[in-house]
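Peer 1: Give me the fold of what follows.
(one chain, ligands or ions: 2)
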Amino acid sequence: MTHPTADAGFGVYLHWPFCASKCPYCDFNSHVRHTPVDEPRFIAAFEREIAHNAALTGPREVTSIFFGGGTPSLMRPATVGAILEAVAKHWSIAPGAEISLEANPTSVEAERFRGYRAAGINRVSLGVQALNDADLRRLGRMHTAAEALAAVRIAADTFERYSYDLIYARPHQTPAEWAAELEEAIGYAVEHLSLYQLTIEPGTWFERLFAAGKLSVPDGETARALYDVTQEVCARRGLPVYEISNHARPGAECRHNLVYWRYGEYAGIGPGAHGRLVTDKGRLATATIRGPEDWLAAVEREGHGIENRETLSAEAQGDEFLLMGLRLVEGIDPARFAALAGRPLDAGRLDSLIADGLIARDAAGRLRVTEAGFPVLDALVADLAA
Ligand SMILES: C[S@@+](CC[C@H](N)C(=O)[O-])C[C@H]1O[C@@H](n2cnc3c(N)ncnc32)[C@H](O)[C@@H]1O
Ligand code: SF4
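Peer 2: Ligands and ions are numbered 1, 2, ... in the order given. Predicted coordinates:
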């Protein structure tokens, strides 16, 4: 029962598309509903879509499961338990598999943590976002810093592992303020932190405010200084960067996210989820319907909510592999690129990126983006993939 990308694992992503309110910066597939969500109906639909995916993959050993959102911590623990049972019924779950759930750090949600633990969750990822109340208000969050830290303490007492997210490069934030906040944050983070630079996403409230000149974000130079502070503080405090926005004690990396970045195999279940399945015909990209009720209706009608499925060309696989793998500090094996893309990397382009100090080749021949290269990662990947 081994999977075809044994070095990278087989992950199952489950998307819960509801939130108590919509944060003004967020463009994730998340929806606010003013009537209660029919969780038993969703359980049945998740199970049917899991069965559909299992028929596409054949037998697999699941190495990680991730409930993402939206806000999965709005689910009843019994719902989480029932969906995990459905995963176990259609694939086998590896002993010690990482089973994560994204949680918002309000007191209401923290009350459910013991129930999630009993249902099988062994890791939570908390959206703390900021450690001061003024910024939390500006980010439209429904919790205070004290409430978030109380949820972090409950998570630490309840789960084997936990992580939390902070957003930096907020309006008017200075590198000195961020350094102090990060130092404080690391005091509460045992093994893992996700640190995201605020991006103004199309279609969000922040985009409208930004366009109207009512929201200012740090300029390029300040953003670079904030990024550099992030790397320096985290490395010094024993949580070095392992992916462009993720920091962990060595060995405590999020195994589920590593499946994506190492270009492994994963099933995407639930509204607006993406999957990459290794089938007889090649690597199949799947994307499900984003609207929760439309997805539900499609699954009840057809057994799945997949609206796009495409067997990826060799070229597309090579591009995706670079895009994902170069985000990791461990870098990529160029032989795997050649096997996926059906051609080696362009030696001339590679040599010039190495000469510019943006990419380094180690003794084993792996290629990694250097410290100077990370801030210009997108341009670098585009150059190498061209
Ligand atoms: C799927 S979201 C949310 C998890 C959970 N619902 C929460 O808000 O706590 C995952 C993370 O993405 C980050 N994020 C979302 N939109 C962002 C943006 N525009 N810029 C930077 N980070 C963002 C936040 O840190 C958030 O915790
Ligand atoms: S940041 Fe989290 S809580 Fe806020 S809208 Fe996005 S998914 Fe929902």
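Peer 1: So which residues make contact with stretch 182-200?
Peer 2: 25, 125, 128, 131, 149, 152-153, 156, 161-170, 206-207, 210, 215, 217, 223, 226-227, 229-230, 233-234, 237, 239, 245-249, 252-254 (C-beta atoms under 8 Å, 6 or more residues apart in numbering). Quick note: C-beta positions are derived from backbone N, CA and C, even for glycine.
Peer 1: Quick one: end-to-end length of that stretch, please.
Peer 2: 22 Å (C-alpha to C-alpha, to the nearest Å).
Peer 1: That stretch and ligand 2 in contact?
Peer 2: No. Using C-beta under 6 Å from any ligand atom, stretch 182-200 stays clear of ligand 2, coming no nearer than 10.2 Å.
Peer 1: one step back: just checking, which of the contacts of stretch 182-200 belong to strands?
Peer 2: 125, 128, 161-168, 246-248 (DSSP state E).
Peer 1: If we check ligand 1, which of the contacts of stretch 182-200 are in contact?
Peer 2: Applying C-beta under 6 Å from any ligand atom to these, those adjacent to ligand 1 are 25, 165, 167.
Peer 1: Who are the packing partners of the longest helix along the chain?
Peer 2: Longest helix in the chain, counting residues (DSSP state H): helix 39-57. Contacts defined by 3 or more C-beta pairs under 8 Å, 6 or more residues apart in numbering; DSSP states H and E place helix 39-57 against strand 10-16, helix 77-90, strand 265-269, strand 274-279, strand 282-288, helix 292-302.
Peer 1: nearest to ligand 2, of those?
Peer 2: strand 10-16 (9.5 Å; C-beta to the nearest ligand atom).
Peer 1: do you know how far the one residue in the stretch 1-150 of the chain that gets nearest to ligand 1 is from D165?
Peer 2: Going by C-beta to the nearest ligand atom, ligand 1 is nearest to G127 of the stretch 1-150 of the chain, at 1.6 Å. Separation of G127 from D165 (C-beta to C-beta, to the nearest Å) stands at 5 Å.
Peer 1: Kindly report the same for P95.
Peer 2: 28 Å.
Peer 1: Please say which of these two ends up with more neighbours.
Peer 2: D165 (17 against 6; other C-beta atoms under 10 Å).
Peer 1: For V32, list the residues it contacts.
Peer 2: 18-22.
Peer 1: So what's the residue count around the residue nearest to A287 when sequence neighbours are not counted?
Peer 2: The shortest distance from A287 to any non-neighbouring residue, by C-beta to C-beta, 6 or more residues apart in numbering, is to N308 (4.3 Å). Applying other C-beta under 10 Å, we find 10 residues neighbouring N308.
Peer 1: residues in the chain within reach of ligand 2, list them.
Peer 2: 19, 22-23, 26, 28, 30, 69-71, 104, 127.
Peer 1: circling back to that earlier point, so the residue of the stretch 1-150 of the chain closest to ligand 1 makes contact with N104?
Peer 2: Yes. At 5.4 Å, G127 counts as touching N104 under the criterion of C-beta atoms under 8 Å.
Peer 1: what about the two, which has more around it?
Peer 2: N104 (26 against 23).
Peer 1: Please verify my assumption that the more buried one contacts M142.
Peer 2: Yes. The pair N104 / M142 is scored as a contact, 7.3 Å apart, by C-beta under 8 Å.
Peer 1: Need the overlap of contacts for these two.
Peer 2: A20.
Peer 1: Now A169: phi and psi?
Peer 2: The phi/psi pair for A169 (degrees, to the nearest 10) reads phi 60, psi 40.
Peer 1: give me phi/psi at F66?
Peer 2: phi -140, psi 120.
Peer 1: is it true that it touches Y13?
Peer 2: Yes. Counting by C-beta under 8 Å, Y13 is a contact partner of F66 at 5.2 Å.
Peer 1: between those two, which one's more packed in?
Peer 2: Shown here are F66 and Y13; by other C-beta under 10 Å, F66 has more neighbours (24 against 20).
Peer 1: Just grab the bridge partners of that one for me.
Peer 2: Y13, S100 (DSSP bridges).
Peer 1: any weak-confidence spans in the stretch 1-150 of the chain?
Peer 2: Within the stretch 1-150 of the chain, the ranges that satisfy pLDDT under 70 run 1-7.
Peer 1: quick one: C26 from Y196, how far?
Peer 2: 11 Å.
Peer 1: More neighbours: those two, which one.
Peer 2: C26 (18 against 15).
Peer 1: Touching, the more buried one and E201? I think so.
Peer 2: Yes. Contact criterion C-beta under 8 Å: C26 and E201 qualify, at 7.3 Å.
Peer 1: So for R368, what's the nearest residue that isn't a sequence neighbour?
Peer 2: Per C-beta to C-beta, 6+ apart, closest to R368 is G331, 3.0 Å.
Peer 1: What is the neighbour count of that neighbour?
Peer 2: Other residues close to G331 by other C-beta under 10 Å number 19.
Peer 1: can you pull the contacts of it?
Peer 2: Taking C-beta under 8 Å, 6+ apart as the test, what G331 contacts is 325, 362, 366-369.
Peer 1: Quick check: the farthest pair among these?
Peer 2: Farthest-apart pair in these is G325 and D362; separation 14.0 Å (C-beta to C-beta).
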